[in-house]
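K.L.:
Turn this into a model:
(chains A and B)
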Amino acid sequence: MNPTALTVHAALARLSAGELRASELVRAYLDRIDALDPTIRAYLAVSREAALEQAVAADERWRAGNGVRPLEGIPLALKDVLCTRGVRTTCGSRILADFVPPYDATVVVRLSAAGAIVLGKTNMDEFAMGSSTENSAFHPTRNPWALDRVPGGSSGGSAAAVAADLAAGALGTDTGGSIRQPAALCGVVGLKPTYGRVSRYGLVAFASSLDQVGPIGKDVRDAALLLEAIAGHDPMDSTSADQPVPDYQAALGQGVEGLRVGIPNEYFVEGMDPEVEAAVWEAVRVLEKLGARPARVSLPHTPYAVAAYYLIAPAEASSNLARYDGVKYGYRAPGGKDVIEMYGRTRAEGFGPEVKRRIMLGTYALSAGYYEAYYGKAQRVRTLIRRDFERAFAEVDVIVTPTSPSAAFRLGEKTEDPLQMYLSDIFTISVNLAGLPGVSLPCGFTAAGLPIGLQLIGQAFDEATLLRVAHAYEQATDWHTRRPPRAAGEAP
Amino acid sequence: MREPKISLAEVEHVARLARLLLSPAEKERMRSQLDTILAYIDTLRQLDTTDVEPTSHVVPMVNVMREDEVRPSYPQEAMLANAPDRAGEFFRVPKILEEEG
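P.N.:
Below you'll find the predicted structure:
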């Protein structure tokens, strides 16, 4: 078996038993990246030498048998929105094409401290704005399950890398679904933690009241392992919560007997792919057979979530992205006759169309005369959405929904219609607005062979229950063991 | 036909606020796309939110303070390394004039 197909926990077991060396594992991934990534294009940059060097050090620790850390020698990929010291961090944008951060994001420090090895930085929609990774300023990424389709976005490179065995696991970020939707479209597990669960120090900001960093893995146990490595309070991020991090792996295997599972009426709407709907209902039946108690719940303000989100997120983005002015770092356009013209040209040439659209939308929503009608209104609707969840969680332990209304769509299918692209996040956006944790995991395939994602939503800081339910479902099915044709070993 | 949600003049005004120099073609395209998006966003008007408090942040949180103590900071050279233009220990920028109009 090619070691690149191993889950993180299986690889750790082999490393521990001396049946596999970290340098073999890293080399296998680098070879596979050489063979497949010219087609998939999940990576923007690969840190070959550094990864091989770290693998030698990891081999030494495994051999010595002491000082072995929880992810010793595990090769991972990082979304290119996470700062890596001395390694270019572009955010998928022309404006940061040559930006080399002087420091590491806290999640990167934590993964390194846990012994993980960074293989490279993955492709994404520019500044994490998008649902298909087609907004990358550099190149699109292909879905390993069907090369004419998108991997989802904005963490499309990370999800495709995990699905195609180009990394053992990865980190993504999720502002409106950017971990869960690509995980669903690529047939892997993606978890968005509770707002405040994971430090955002060194995560390039998009919408500060919504952004979270989270893991993408081949199975639920891997997601639990990676979350445990990155979660917890960070003095460098004043929005990170000072709450203890539970042993997430201990939650796995406890089953779902007696747990109440809510099915929101508003998530089964017209326009949803019937194959997706059928797969999700089948998943509910599986959970019921395992002893869970399904119940209908109502989240009545769901139809307003996308509209509220597309005021709040662009408003915050327009403010966060004001820093790209061609002065301290990043691209500067030549030829401005004064500083104002230099700003205008730099931003016009440095940002792509979607980023400009959101900056415009956000600036408009915050501008004099419109603030209360748009931004203020959206914040009030956000309160209603949050209360919907509070009421639902008085009756159930987790909520089950589809992750995305359809399986992977075709490259180019939605690029000309921004609103249609926005609506592909219709089931994930509310979770960010409410600050809750959500996970997507595989729950079936369409007749055309495309993965379908199941979303589980939990209460704030209760990732343990979320992982427990996800794991019980996963172990009762075999969706997570299926590999895309590109990962099965054929030449590209 | 419904009333347009946003005019070309408003697009130009907002682009100026956002420091985005848009081409005439970009402005027209932006107007039409923002118009579609804003028309969709108008569904929020159906909701009565008179007595609803706004949520700016989901986690109840007050200002987070730390001791005001001297700590090492990044060396000047590291902070200037990414500058598009510099003069010695300074960031260099084009002339700053009064904004037109």
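K.L.:
Every contact and neighbour count from this point should use C-alpha atoms.
P.N.:
OK.
K.L.:
which residues touch the residue of chain A found nearest chain B?
P.N.:
Residue nearest to chain B within chain A: A:R380 (4.1 Å; C-alpha to the nearest C-alpha). By C-alpha atoms under 8 Å, 6 or more residues apart in numbering or on different chains, the residues touching A:R380 are B:T49, B:V52, B:E53, B:P54, B:T55.
K.L.:
any idea how far the first one lies from A:A183?
P.N.:
The reference is to B:T49. Noted for B:T49: a distance of 35 Å to A:A183, by C-alpha to C-alpha, to the nearest Å.
K.L.:
Could you check how many residues crowd around the residue of chain B found nearest chain A?
P.N.:
Relative to chain A, the nearest point of chain B is B:P54 (4.1 Å; C-alpha to the nearest C-alpha). Using other C-alpha atoms under 10 Å in any protein chain shown, B:P54 has 17 other residues around it.
K.L.:
element containing the residue lying closest to it once chain neighbours are set aside, please.
P.N.:
Of all residues not flanking B:P54 in the chain, A:R380 sits nearest, at 4.1 Å (C-alpha to C-alpha, 6 or more residues apart in numbering or on different chains). Using DSSP states H and E, A:R380 sits in helix A:377-392.
K.L.:
Contact residues of the stretch 151-300 of chain A facing chain B?
P.N.:
Within the stretch 151-300 of chain A, the residues that sit near chain B (C-alpha under 8 Å from any C-alpha of the partner chain) are A:Y195, A:G196, A:S209, A:S238, A:T239.
K.L.:
could you flag which of those are buried?
P.N.:
Buried members of these, counted by 16 or more other C-alpha atoms under 10 Å in any protein chain shown: A:Y195, A:G196, A:S209, A:S238, A:T239.
K.L.:
Any chance of JSON lines for these, columns pLDDT?
P.N.:
Output for those, formatted as JSON lines (pLDDT from 0 to 100):
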{"residue": "A:Y195", "pLDDT": "98"}
{"residue": "A:G196", "pLDDT": "97"}
{"residue": "A:S209", "pLDDT": "96"}
{"residue": "A:S238", "pLDDT": "93"}
{"residue": "A:T239", "pLDDT": "94"}
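K.L.:
As a markdown table, these with secondary structure would be great.
P.N.:
Putting these into a markdown table (DSSP: H, G, I helix; E, B strand; the rest coil) gives the following:
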| residue | secondary structure |
| --- | --- |
| A:Y195 | coil |
| A:G196 | coil |
| A:S209 | coil |
| A:S238 | coil |
| A:T239 | coil |
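K.L.:
from the residues you listed, which is closest to A:G344?
P.N.:
A:S209 (27.0 Å; C-alpha to C-alpha).
K.L.:
follow-up on the earlier one: out of B:T49 and A:A183, name the residue with the larger neighbour count.
P.N.:
Remark: of B:T49 and A:A183, A:A183 carries more neighbours, 38 against 18, as counted by other C-alpha under 10 Å.
K.L.:
which SSE is the more buried one in?
P.N.:
helix A:180-186.
K.L.:
and if you look at A:Y343?
P.N.:
helix A:339-350.
K.L.:
Show me what the next helix or strand after that helix is packed up against.
P.N.:
For helix A:339-350, the following helix or strand on the C-terminal side (DSSP H and E) is helix A:353-366. Judged by 3 or more C-alpha pairs under 8 Å, 6 or more residues apart in numbering or on different chains; DSSP states H and E, helix A:353-366 is in contact with helix A:305-320, helix B:8-17, helix B:24-41.
K.L.:
Sort out which residues of the shortest one are buried, please.
P.N.:
Right, helix B:8-17. Quick answer for helix B:8-17 (16+ other C-alpha under 10 Å): B:V11, B:E12, B:V14, B:A15, B:R16.
K.L.:
Stretch A:464-483 too?
P.N.:
Under 16+ other C-alpha under 10 Å, the buried positions of stretch A:464-483 are A:464-474, A:479-480, A:483.
K.L.:
Kindly report the same for stretch A:412-427.
P.N.:
Residues of stretch A:412-427 classed as buried: A:K414, A:T415, A:P418, A:L419, A:M421, A:Y422, A:S424, A:D425, A:I426, A:F427 (neighbour count, 16+ other C-alpha under 10 Å).
K.L.:
Of the residues you listed, which belong to strands?
P.N.:
Of the buried residues of stretch A:412-427, none are assigned to strands by DSSP state E.
K.L.:
mind putting those in JSON lines, pLDDT and distance to A:P151 included?
P.N.:
Below are the buried residues of stretch A:412-427 laid out as JSON lines (pLDDT from 0 to 100; distance: C-alpha to C-alpha, whole Å):
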{"residue": "A:K414", "pLDDT": "94", "distance to A:P151": "13"}
{"residue": "A:T415", "pLDDT": "92", "distance to A:P151": "14"}
{"residue": "A:P418", "pLDDT": "90", "distance to A:P151": "17"}
{"residue": "A:L419", "pLDDT": "89", "distance to A:P151": "19"}
{"residue": "A:M421", "pLDDT": "90", "distance to A:P151": "13"}
{"residue": "A:Y422", "pLDDT": "90", "distance to A:P151": "15"}
{"residue": "A:S424", "pLDDT": "87", "distance to A:P151": "13"}
{"residue": "A:D425", "pLDDT": "91", "distance to A:P151": "14"}
{"residue": "A:I426", "pLDDT": "92", "distance to A:P151": "17"}
{"residue": "A:F427", "pLDDT": "96", "distance to A:P151": "17"}
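K.L.:
Tabulate the residues you listed (CSV), appending distance to chain B.
P.N.:
What follows is the buried residues of stretch A:412-427, written out as CSV (distance: C-alpha to the nearest C-alpha, whole Å):
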residue, distance to chain B
A:K414, 13
A:T415, 12
A:P418, 8
A:L419, 6
A:M421, 11
A:Y422, 10
A:S424, 14
A:D425, 15
A:I426, 13
A:F427, 17
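K.L.:
Among these, which pair sits farthest apart?
P.N.:
Pairwise distances across the buried residues of stretch A:412-427 peak at 19.9 Å for A:T415 and A:F427 (criterion: C-alpha to C-alpha).
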